[in-house]
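Undergrad: sequence and predicted structure, then a few things I'm wondering about:
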Number of protein chains: 2
Amino acid sequence: MSSLAKIIEPRWERRKDARPGELAAAALELFVERGFSATRLDDVARRAGVSKGTLYLYFDSKEDLFKAVIREGIVSRIAEAEERIRNYHGPTTALIRELVYDWWDQIGSTKLGGIAKLMMSEAGNFPELAKFYHDEVVVRGMGLFATAIQRGIVAGEFRKVPLEFAPRIACAPVLMLMLWRNSFDLCDTHQMDPRAYLDAHTDMLLHALELPEAFSANGKAVPRNKT
Amino acid sequence: MSSLAKIIEPRWERRKDARPGELAAAALELFVERGFSATRLDDVARRAGVSKGTLYLYFDSKEDLFKAVIREGIVSRIAEAEERIRNYHGPTTALIRELVYDWWDQIGSTKLGGIAKLMMSEAGNFPELAKFYHDEVVVRGMGLFATAIQRGIVAGEFRKVPLEFAPRIACAPVLMLMLWRNSFDLCDTHQMDPRAYLDAHTDMLLHALELPEAFSANGKAVPRNKT
DNA sequence: TATGTTCCTGACCAGCCAGTCAGTTACCAG
DNA sequence: CTGGTAACTGACTGGCTGGTCAGGAACATA
C-alpha cells in the first residue's frame, strides 16, 4: 500500500510563479501559428499544462493575455535597444547596422517575428490591441531608427532626408522580411538567405543616406565609416 | 387601387446574372475591411441587397466566395504594366518612378490595395490560394522592378546591386504603405501623406542605386535624369 | 386569369468558444 | 495529524455564425 502511494503522483502542482510565463510562452506559439481569434484558450492552457480555469487566474481576458505576450517579448527588447542607443558613441553607420541585425536576431528570426503579421492582420478587428501595439511597439521601434538617422544628419555623416518618412522607409524591408517569413514563405520553396538580404538592405540604405559631398567636386572623397 | 398598386414595389427582383458580381463586390469590401474570418456572410449578403440564402445559391461556401473574389480582382493590371515596360525607352530613373506611382494610383490607393494584407493574413490558412497569388501576383509584380533595375544597370545608369534582393527592397516601402493603410492607419490619428512618402522613397531608392562615378574624382558630376 | 417554374427569403439548427464558478486537491502551519 | 486556504479543475452557459431548407414571391407563358 505504501508502495502504491509512492507510485501515485499528484495530479497537479501549485506553481504560482511559473504559470504566467509558461502560459504566455504557450500563447505566443499558438497566436503566431494560428492568429489571434483562431487561437483557442483551451489549447493555450493545455499546451502550458494547465486547465482553462487556471489561465483565468492569471489573465483577465484573451486580450490581456495577448498584451502580456507583447510586453514580455517585444516591449522589453525595445527598451533595451533604447538604452543601448543612448550610450552609443561610435559612427552612426555602425549603429544603423547594429539596429537592423539585432532586430533580426532577437525578434525577426524568432517566434516573436510572427507578431508583426499577427498585429497587422487583426488590427482592424481589435482597435484597443492595435492602439496598444502601435504606441508601445511601432512608435517606439520606429523611434529607434529616427533617433539614429537624426544623429547621423546632425553629426554630418548623412545627407538631409525627411525624418517623417526615412525611418519608415528604413524599416520597411526588414518588416517585409518578417511578414514574408510568416506568410508566403510557408508555401514558397525558393527560400531566401535573410542575412544576405539584410546585407543588401543596409548597403542600399546607407548609400541612400550618404552625403553627396562624400564624392564632392574637389575630387577628394571624404572617407566613409566602414564597419 | 391601381395607384396603390403602382406605389407598392416588389420586395425583390429576380436578377440571376447580376447577383454573383454584386456578391463578390460586397465580399471584397468586407473582406478588406474586416479580414476573412471576421466577415459575416449575413453582412455580405445584406450589403449585396440579398439574403444569406441567396448567397448560397451562387457560392458553395465562404471559402469558395473568397477564391472568387481574389481571382476576379487581381487579373489584368500586372500584364498591362509588363506590356508598358517592354515598350518603354526613356531613362530608367523615370521608369522606376512611373512603376511606383502607377502602382500606388491604380492599386495601392484603391480597395484593391487591401488584398495584399488579406492574402498575407490568410496565406497560412489557404495554401493553394497563397501559391496562386504568389506565382501570379507577387513574382510577376516583383519581376517588373527586377526588369527595371537590371535595365538601369546594363545601361550604365545604376551601380551594381544584387538582383536577387534589390527588387524586394525597392518594393518593400510601397507594400508597407499599402499594408499600413489597411491596418494601423485605421486607428492612427496622425495620418501620413502617401504622395510625400512615395517621393521620399523614390528619392532614397534612386540615391541607393546611383553610380559612385556620378560624382567621380574628376569633379564633373554626370547629370542625373530628373523627371 | 391561371399555373408552373425559378429565384429568393429568413427562421432555424448544430457546433464552437470566451468566460464563469462550484467543487476538488495540494500544500502548509500549528 | 489536522484543519485552513490558495491553487487548480472542468463542466457549464450564453452568444454567436456557417450552413440548411421549407415556403413564398416574382415572373413567364398561355
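TA: It's in. Residues are numbered from 1 along each chain as shown, chains lettered A, B, ... in the order given.
Undergrad: which SS class is the residue of chain A found nearest DNA strand D?
TA: Relative to DNA strand D, the nearest point of chain A is A:Gly53 (1.9 Å; C-beta to the nearest atom of the strand). Bear in mind the C-beta positions are built from the backbone N, C-alpha and C, glycine included. Assigned by DSSP: H, G, I helix; E, B strand; the rest coil, the conformation of A:Gly53 is helix.
Undergrad: distance of it relative to chain B?
TA: A:Gly53 is 26 Å from chain B, where distance means C-beta to the nearest C-beta, to the nearest Å.
Undergrad: A:Asp42 now?
TA: Separation of A:Asp42 from chain B (C-beta to the nearest C-beta) stands at 18 Å.
Undergrad: please work out how many residues are found near the residue nearest to that residue when sequence neighbours are not counted.
TA: Using C-beta to C-beta, 6 or more residues apart in numbering or on different chains and skipping the chain neighbours, the partner closest in space to A:Asp42 is A:Lys52 (5.3 Å). Neighbour count for A:Lys52, taken as other C-beta atoms under 10 Å in any protein chain shown: 13.
Undergrad: right, and A:Lys52 touches A:Tyr58 too?
TA: No. Using C-beta atoms under 8 Å, A:Lys52 makes no contact with A:Tyr58, being 11.5 Å away.
Undergrad: show me which residues of chain A sit near DNA strand D.
TA: Contacts of chain A with DNA strand D, taken as C-beta under 7 Å from any atom of the strand, map to A:11-16, A:19, A:45, A:49-54, A:56-57.
Undergrad: by contact count, what packs against the helix or strand hosting A:Met178?
TA: A:Met178 is part of helix A:166-181 when elements are defined by DSSP states H and E. Helix A:166-181 sits against helix A:92-103, helix A:114-122, helix A:140-154, helix A:194-209, helix B:166-181, helix B:194-209, with contacts defined as 3 or more C-beta pairs under 8 Å, 6 or more residues apart in numbering or on different chains; DSSP states H and E.
Undergrad: okay, now the unreliable bits of chain A?
TA: Along chain A, segments meeting pLDDT under 70 span A:1-8, A:189, A:213-227.
Undergrad: picking up where we left off before, give the contact list for the residue nearest to A:Asp42.
TA: Listed by C-beta atoms under 8 Å, 6 or more residues apart in numbering or on different chains, the contact set of A:Lys52 reads A:41-42, A:45.
Undergrad: mind listing what A:Thr92 touches?
TA: A:148-149, A:151-152, A:155, A:157-158, A:225.
Undergrad: now which of the residues you listed would you call buried?
TA: Neighbour counting over the contacts of A:Thr92 (16 or more other C-beta atoms under 10 Å in any protein chain shown) leaves A:148-149, A:151-152, A:157-158 as the buried ones.
Undergrad: returning to what we had before: just give me the neighbour total for the residue of chain A closest to DNA strand D.
TA: 8.
Undergrad: roughly how far apart are it and A:Ala26?
TA: Separation of A:Gly53 from A:Ala26 (C-beta to C-beta, to the nearest Å): 15 Å.
Undergrad: for the residue lying closest to A:Gln106 once chain neighbours are set aside, what is the enclosing helix or strand?
TA: Leaving aside its sequence neighbours, A:Gln106 sits nearest to A:Arg77 (C-beta to C-beta, 6+ apart; 5.6 Å). Mapping A:Arg77 onto the secondary structure by DSSP H and E places it in helix A:76-86.
Undergrad: just A:Ile70 next, same as before
TA: Assessed by DSSP H and E, A:Ile70 sits inside helix A:62-70.
Undergrad: is there proximity between that helix and DNA strand C?
TA: Yes. Between helix A:62-70 and DNA strand C, judged by C-beta under 7 Å from any atom of the strand, the touching residues are A:62-63.
Undergrad: I'd like to check the angle between that helix and helix A:76-86, please.
TA: Counting by axes from the mean of the first three to the mean of the last three C-alpha atoms, to 10 degrees, helix A:62-70 lies at 40 degrees to helix A:76-86.
Undergrad: can you give me the buried ones in helix A:62-70?
TA: Across helix A:62-70, burial judged by 16+ other C-beta under 10 Å covers A:62, A:65-70.
Undergrad: hmm, back to that, buried members of the residues of chain A next to DNA strand D into PyMOL, please.
TA: A single PyMOL command selects the buried members of those (16+ other C-beta under 10 Å):
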select buried, chain A and resi 19+45+50
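Undergrad: please narrow the residues of chain A next to DNA strand D to those residing in helices.
TA: Those of these mapping onto helices are A:19, A:45, A:52-54, A:56-57, per DSSP state H.
Undergrad: tell me which two of the residues you listed sit farthest apart.
TA: For those, the farthest-apart pair by C-beta to C-beta is A:Arg19 and A:Lys52; their separation is 12.8 Å.
Undergrad: packing partners for the helix or strand hosting A:Leu30?
TA: A:Leu30 belongs to helix A:19-34 when assigned by DSSP H and E. Counting contacts by 3+ C-beta pairs under 8 Å, 6+ apart, helix A:19-34 packs against helix A:41-47, helix A:52-58, helix A:62-70, helix A:114-122.
Undergrad: in that helix, what counts as buried?
TA: A:19-20, A:23-32.
Undergrad: nearest to A:Phe132, of the residues you listed?
TA: Using C-beta to C-beta, the buried residues of helix A:19-34 come closest to A:Phe132 at A:Phe31, 14.4 Å.
Undergrad: next up, the contacts around that closest one.
TA: A:Phe31 makes contact with A:39, A:66, A:69, A:114-115, A:118 under the criterion C-beta under 8 Å, 6+ apart.
Undergrad: how close does it get to A:Lys52?
TA: Computed as C-beta to C-beta, the A:Phe31 to A:Lys52 distance reads 16 Å.
Undergrad: rewinding a little: relative to helix A:62-70, how tilted is the helix holding A:Leu30?
TA: With the same axes, to 10 degrees as the basis, helix A:19-34 and helix A:62-70 are set at 100 degrees to each other.
Undergrad: and DNA strand C, is helix A:19-34 touching that?
TA: No. No part of helix A:19-34 sits close enough to DNA strand C to count as contact by C-beta under 7 Å from any atom of the strand; the gap is at least 9.6 Å.
Undergrad: residue nearest the centroid of chain A?
TA: Nearest to the mean C-alpha position of chain A, by C-alpha atoms, centre = their mean, lies A:Ile107 at 4.2 Å.
Undergrad: how much space separates the nearest residue to it once chain neighbours are set aside from chain B?
TA: In this structure, A:Ile107 finds its nearest non-sequential neighbour in A:Gly113, 5.8 Å apart by C-beta to C-beta, 6+ apart. As judged by C-beta to the nearest C-beta, A:Gly113 and chain B stand 14 Å apart.
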